[in-house]
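Colleague: Sequence and predicted structure below; questions after.
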Amino acid sequence: MEKYKRADDARIKELTLHIEKLTKRVNRKKVELENEVTETQAAQIQLDKTAEDFRKLHECVPCPPPPPAAVLQLVLSCDEPCNSRSA
């Protein structure tokens, strides 16, 4: 009976060490995941900012209001397309 108890104790110790190793591995992987999530969120924020800057640079600038009727001789509307103007 003592022989089986020692065998069981050895097996319990072996399994406990294995659980500890796996727990450490899981914790390392959690830290790695958290770091990846942080990096991904930072990259997404940069991408969103870049996209917004791009949209601002390429949005159509409205033509200026028409001149008063006395000056309105040949100019009936804006000569330049909206996309050729800078913001």
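Modeller: That came through fine. Numbering: from 1, shown residues only.

Colleague: what about Cys63, how many residues close to it?
Modeller: Cys63: 13 surrounding residues under other Cβ atoms under 10 Å. To be clear about C-beta, it is placed using only N, CA and C from the backbone, and glycine gets the same treatment.

Colleague: and the gap between it and Lys3?
Modeller: Distance, Cys63 to Lys3, by Cβ to Cβ, to the nearest Å: 97 Å.

Colleague: Also Glu59?
Modeller: Going from Glu59 to Lys3 by Cβ to Cβ gives 83 Å.

Colleague: So which of the two has more stuff around it?
Modeller: Glu59 (11 against 7).

Colleague: Just the element for Thr16, please.
Modeller: Secondary-structure element containing Thr16, defined by DSSP states H and E: helix 2-58.

Colleague: Mind giving me the packing neighbours of that helix?
Modeller: Helices and strands in packing contact with helix 2-58 are not found; criterion 3 or more Cβ pairs under 8 Å, 6 or more residues apart in numbering; DSSP states H and E.
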